[in-house]
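**Student:** The following block contains a protein sequence and its predicted model.
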Amino acid sequence: MVLPKIPQYAPKLEDDGTWSITDPETGDIAVVSSGIVLRRLDQGTCLDLVDTLNRFLPHAPERED
């Protein structure tokens, strides 16, 4: 059985040396519900946020068994 790849939030290194988080559905810079744009982050913060977003806010389609 082959499971489909689940899109995940991903870190992106910007030209200015800062990091952003991309939304898996759009490929654009992620924006959380309160309107905070997830860009111009340092590497550690970006990677921690990506890990948290992928763990608690998955974009996995619901499966029917």
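**Tutor:** Thanks, I have it. Numbers count the residues shown, from 1 in each chain.

**Student:** okay but residue 20 is in contact with residue 42, surely?
**Tutor:** No - using CB atoms under 8 Å, residue 20 is not in contact with residue 42, being 11.4 Å away. From N, CA and C alone the C-beta is placed, and that goes for glycine too.

**Student:** the more surrounded of these two?
**Tutor:** A direct count of neighbours by other CB atoms under 10 Å for residue 20 and residue 42 places residue 20 higher, at 18 against 10.

**Student:** The more buried one should be in a strand, yeah?
**Tutor:** Yes - checked against DSSP: H, G, I helix; E, B strand; the rest coil, residue 20 lies within a strand.

**Student:** Can you tell me the closest non-neighbouring residue to the most centrally placed residue in the chain?
**Tutor:** Using CA atoms, centre = their mean, the residue of the chain that lies closest to the mean C-alpha position is residue 9, 1.9 Å off. Using CB to CB, 6 or more residues apart in numbering and skipping the chain neighbours, the partner closest in space to residue 9 is residue 53 (4.4 Å).

**Student:** Surely that neighbour is within a strand?
**Tutor:** No - Residue 53 sits outside any strand when classified using three-state DSSP, being helix.

**Student:** Please verify my assumption that the residue nearest to the centre of the chain contacts residue 55.
**Tutor:** No - counting by CB under 8 Å, residue 9 stays clear of residue 55, with 10.0 Å between them.

**Student:** Report the set of residues contacting both of the two.
**Tutor:** Both residue 9 and residue 55 lack any common contact, where contact means CB atoms under 8 Å, 6 or more residues apart in numbering.

**Student:** where along the chain do the strands fall?
**Tutor:** 10-13, 19-22 (DSSP state E).
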